[in-house]
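Chemist: when you get a sec, could you give me coordinates for this:
(one chain, ligands or ions: 1)
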Amino acid sequence: MMNICYQCGIYRADKIIDPDGPVAICPECGYRRRFARRPLLIVSGASGAGKSTACQILLGRLTQVVLLDSDILWRSEFNSPEDNYTAFFDTWLRMCKNITQSGRPVVLFGAGMGVPANIESRVERRYFTDVHYLALVCDDQALAERLRRRPEWRGSGQPAYIEEHQRFNNWFKTYGSAEPPIRLLDTTDIDEETTANQVELWINEKISNTRG
Ligand SMILES: [Zn+2]
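Modeler: Numbers count the residues shown, from 1 in each chain. Prediction:
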């Protein structure tokens, strides 16, 4: 419940951050509260690129971070393309911020999370040091084949769905050197275990840079 001030009891998500504490300062009364400021790691990619499988393989293997799939909180009321799903992203940033207070950084797996514009502008982004982005990508044909192999009830084999995710896949591939950076991992020719190993290496690299 970090957003409620211990001293004045007023709810403010927009605390002033002093990175030297680090402390979160209540804009209402000036109360300074120490908190755990850690990086947030986001593993993204189009549907079919391999992120959920990588998450499943790494669960139980990585214990220095908390791995979560953003789909677990999805509900129809978050489906608000008119405002770019801001309630969904705000909810996740608040979740990750609070989980991080127990001492371990969060690695969040999800599609829309991987678009930095959805994260960097949100009010609770400030509670993290860096947000690191990794996107799993693959070639269009491989993506289509993987989506067609899924059980029919998921609707992933529909041409419109495949096209949408090929477009998203290509969005990552053409992101280039924009800021903040997105690291790409091409999963076209590697198996699921190798993909998970590469994701693990990236996670370890990012958390060892910022520990302490
Ligand atoms: Zn206060």
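Chemist: so residue 136 belongs to a helix, correct?
Modeler: No. With DSSP: H, G, I helix; E, B strand; the rest coil as the criterion, residue 136 is strand rather than part of a helix.
Chemist: from the chain's centroid, how far away is the longest helix seen in the chain?
Modeler: In terms of residue count, the longest helix belonging to the chain (DSSP state H) is helix 192-210. Chain-centre distance of helix 192-210: 14 Å, with Cα atoms, centre = their mean, to the nearest Å.
Chemist: with stretch 137-154 instead?
Modeler: On Cα atoms, centre = their mean, the centre of stretch 137-154 falls 22 Å from the chain's centre.
Chemist: mind giving me the packing neighbours of the longest helix of the chain?
Modeler: The contact analysis (3 or more Cβ pairs under 8 Å, 6 or more residues apart in numbering; DSSP states H and E) places helix 192-210 against strand 40-45, helix 51-58, strand 131-137, strand 182-186. Quick note: C-beta positions are derived from backbone N, CA and C, even for glycine.
Chemist: how about those, which one is nearest the ion?
Modeler: Nearest of those to the ion, taken as Cβ to the ion: strand 40-45 at 24.9 Å.
Chemist: residues in contact with that closest one?
Modeler: 51, 54-55, 65, 93, 96, 100, 105-115, 119, 128, 130-137, 169, 172, 182, 199, 203, 206-207 (Cβ atoms under 8 Å, 6 or more residues apart in numbering).
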